[in-house]
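Participant: Quick one, fold the following:
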Amino acid sequence: MSSTASGRNGTWRNWGGNVAARPAREVTPASVEELSAAIRRAAEDGLKVKAVGSGHSFTSIAATDGVLICPQLLTGIRNIDRDAMTVTVEAGTPLKRLNMALAREGLSLTNMGDIMEQTVSGATSTGTHGTGRDSASIAAQIKGLELVTADGSVLTCSDKENPEVFAAARIGLGALGIVTAITFAVEPLFLLSAREEPMPFGRVLADFDELWAENEHFEFYWFPHTGNTNTKRNNRSAGPEKPVSQLQGWVEDEFLSNGVFQVAQWVGRAVPATIPAIAQISSKALSARTYTDIPYKVFTSPRRVRFVEMEYAVPREAVVETLRELKAMVDRSGLRVSFPVEVRTAPADDITLSTASDRDSAYIAVHMVKGTPFQRYFTAAERIFTAHEGRPHWGKVHTRDAEYFAQVYPRFGEFTALRDRLDPDRRFQNDYLRRVLGA
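Facilitator: Residues are numbered from 1 along each chain as shown. You can find the predicted model right below:
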């Protein structure tokens, strides 16, 4: 086990660059036993403890001035059970490595988000999701997990073992303990056919219910200052496999979606008045395409342009009206928004603090490029989202607190009561958890 200072001059920063912290020490345990010892030592020293994965959250959920636990040595697959169709994986394993390893074994997760750099524990603990009519977030695919609690003991849970912990800890916000291993449901590797095409914003809203119902996975990006969107429909396919060619993939996914888009962001940041014109060009840069490939090559995409993000889940039946209000706000505000707005869906699940807990949900994500002032835009968007009882993504920028969450999560009290039992001394407390869960 190593114990070192964190980052440049002892400072840890997140991926988006909007959160920084100076932990007293950084610990990289090589085993569950070493992690337990680190937590007990922190208690002896009177220090708080937080775990951090890839730092892809835009909130300060992982920030601490105490002990920062880095799980990069807790990686790899522990076990594949082909009878139960599950895989147990160490908590620090990046999703990219898990997806590639499963594909080599002829297996896959059912659904996933579009970013693969996160660790499995970081992604699930904050409620990372993709889009799906019937298939839910990554956390909803968890069948069991192992976590080290505040006294250093190891707790395993599933729907049969410690079920009350399992109901909450799948999206535990780092408040209940430090996750050390996760067991996911998997299925035989399958193919997805993706259909990407531009579509007018008005048509997407008019046909949203139909587009959602007819596709296993539907999402779209709306380009502010335009009436244009780019839509994506993913559905299972019997084949044959027809991946995007290497040249086409480089041109569209790297050159246009990352390289040219980055330059456009630089120009827009330097000269905001150019943003509406750039948006018109950007919204028409990508042409329609179809391809068929294994799931992680369809669901995920490279994200090389760094940004800051706010995302809210609203009831699915409210998404069209919410988007109309968002567009009207942008149009009349004088804001210059250079990043597309992303819209996805998820079915209701049974996880206590999942943003889709007990209700079918639609996600609306607003972004601004790293280094650009985002407060005015996000504040105006958040006002619209909360008017529709929106629930913010736990790892993305928001200003809500425990009083608000008690109103929009019917089982909020169950989570805080469990936290009182598992972490009465608030070993895993930080400023973010104090705000969102209460003292």
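
Participant: So what's the residue count around residue 217?
Facilitator: 24 (other Cβ atoms under 10 Å). C-beta here means a position set from N, CA and C on the backbone, and glycine is covered the same way.

Participant: give me every residue that touches the residue nearest to it when sequence neighbours are not counted.
Facilitator: Nearest non-adjacent residue to residue 217, counting by Cβ to Cβ, 6 or more residues apart in numbering: residue 234, 3.9 Å away. Contacts for residue 234 (Cβ atoms under 8 Å, 6 or more residues apart in numbering) come out as 192-195, 215-218, 298-299.

Participant: confidence score at residue 234?
Facilitator: Note for residue 234: predicted pLDDT of 97.

Participant: Confirm it sits in a helix?
Facilitator: No. Counting by DSSP: H, G, I helix; E, B strand; the rest coil, residue 234 falls outside a helix, being strand.

Participant: Show me what it is bridged to.
Facilitator: Going by DSSP bridges, residue 234 is paired in beta bridges with residue 194, residue 217.

Participant: Now do it against residue 328, distance only.
Facilitator: According to Cβ to Cβ, to the nearest Å, residue 234 and residue 328 sit 30 Å apart.

Participant: I'd like to know how many residues surround residue 284.
Facilitator: There are 13 residues near residue 284, going by other Cβ under 10 Å.

Participant: Next, the contact list for it, please.
Facilitator: 198, 228.

Participant: Numbering from 842 from now on, please.
Facilitator: Noted, 842 is the first residue going forward, which turns the last one into residue 1125.

Participant: Now do the SS call for it.
Facilitator: Criterion first, three-state DSSP; result for residue 1125: coil.

Participant: cool, and residue 1043?
Facilitator: helix.

Participant: Report how many residues lie close to it.
Facilitator: 12.

Participant: so it touches residue 1068, yeah?
Facilitator: Yes. Contact criterion Cβ atoms under 8 Å: residue 1043 and residue 1068 qualify, at 6.5 Å.

Participant: coming back round to it: distance-wise, check the residue nearest to residue 1058 relative to residue 1054.
Facilitator: Distance, residue 1075 to residue 1054, using Cβ to Cβ: 15 Å.

Participant: now residue 883
Facilitator: 50 Å.

Participant: okay, the two: which has more neighbours?
Facilitator: residue 883 (23 against 9).

Participant: so the more buried one, which of the three states?
Facilitator: Assignment for residue 883 (three-state DSSP): helix.

Participant: for it, what are its contacts?
Facilitator: 889-890, 907-908, 1268 are the contacts of residue 883 under Cβ under 8 Å, 6+ apart.

Participant: So the residue most central in space within the chain versus residue 983, what's the distance?
Facilitator: Among the residues of the chain, residue 969 comes closest to the average C-alpha position under Cα atoms, centre = their mean, at 2.9 Å. For residue 969, the distance to residue 983 (Cβ to Cβ) stands at 12 Å.

Participant: quick one: which of the contacts of residue 883 has the most company?
Facilitator: residue 890 leads the contacts of residue 883 on contacts (other Cβ under 10 Å) with 27 neighbours.

Participant: give me the beta-bridge partners of that residue?
Facilitator: Beta-bridge partners, per DSSP bridges, of residue 890: residue 908.

Participant: That one touches residue 1267, doesn't it?
Facilitator: No. Counting by Cβ under 8 Å, residue 890 sits too far from residue 1267 to count as a contact (10.3 Å).

Participant: Residue 1051: how many residues sit nearby?
Facilitator: Residue 1051, neighbours per other Cβ under 10 Å, totals 10.

Participant: quick one, phi/psi of it?
Facilitator: Torsion angles at residue 1051 (phi, psi; degrees, to the nearest 10) stand at phi -70, psi -40.

Participant: Let me see the ranges of the strands in the stretch 992-1141 of the chain.
Facilitator: Taking DSSP state E, counting those that start in this stretch to define them, one finds strands in the stretch 992-1141 of the chain at 995-999, 1019-1026, 1028-1029, 1032-1041, 1058-1063, 1069-1078, 1130-1134.

Participant: can you redo these as TSV with distance to residue 1119?
Facilitator: What follows is the strands of the stretch 992-1141 of the chain, written out as TSV (distance: least, Cβ to Cβ, whole Å):
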stretch	distance to residue 1119
strand 995-999	49
strand 1019-1026	40
strand 1028-1029	42
strand 1032-1041	16
strand 1058-1063	15
strand 1069-1078	13
strand 1130-1134	22
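
Participant: thinking again about what came up before, let me have the contacts of residue 1075 in CSV, extended by pLDDT.
Facilitator: Shown next, in CSV, are these (pLDDT from 0 to 100):
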residue, pLDDT
1033, 98
1034, 98
1035, 97
1036, 97
1056, 98
1057, 98
1058, 98
1059, 98
1139, 95
1140, 95
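
Participant: Can you flag the buried ones in those?
Facilitator: The neighbour count (16 or more other Cβ atoms under 10 Å) marks 1033-1035, 1056, 1058-1059, 1139-1140 as buried among the contacts of residue 1075.

Participant: for those, which one is nearest residue 1217?
Facilitator: residue 1059 (30.5 Å; Cβ to Cβ).

Participant: ok, the closest one touching residue 1073?
Facilitator: Yes. The criterion here is Cβ under 8 Å, and residue 1059 meets it with residue 1073 at 7.3 Å.

Participant: Can you list the low-confidence ranges for the stretch 842-991 of the chain?
Facilitator: 842-850 (pLDDT under 70).

Participant: Which residue ranges of it form helices?
Facilitator: For the stretch 842-991 of the chain, the helices defined by DSSP state H, counting those that start in this stretch occupy 873-886, 936-945, 961-966.

Participant: who does the second one touch, helix- and strand-wise?
Facilitator: Right, the one you point to is helix 936-945. strand 927-931, helix 961-966, helix 1136-1140 (3 or more Cβ pairs under 8 Å, 6 or more residues apart in numbering; DSSP states H and E).

Participant: Point out the most buried one among the ones you listed.
Facilitator: helix 961-966 (a mean of 28; mean count of other Cβ atoms under 10 Å).

Participant: what comes into contact with it?
Facilitator: With Cβ under 8 Å, 6+ apart as the criterion, helix 961-966 contacts 892-895, 897-898, 903, 912, 930, 932-936, 939, 954, 969, 978-980, 983, 1011-1015, 1020-1021, 1023, 1025, 1235-1236.

Participant: Since that was my last question, I'll sign off now.
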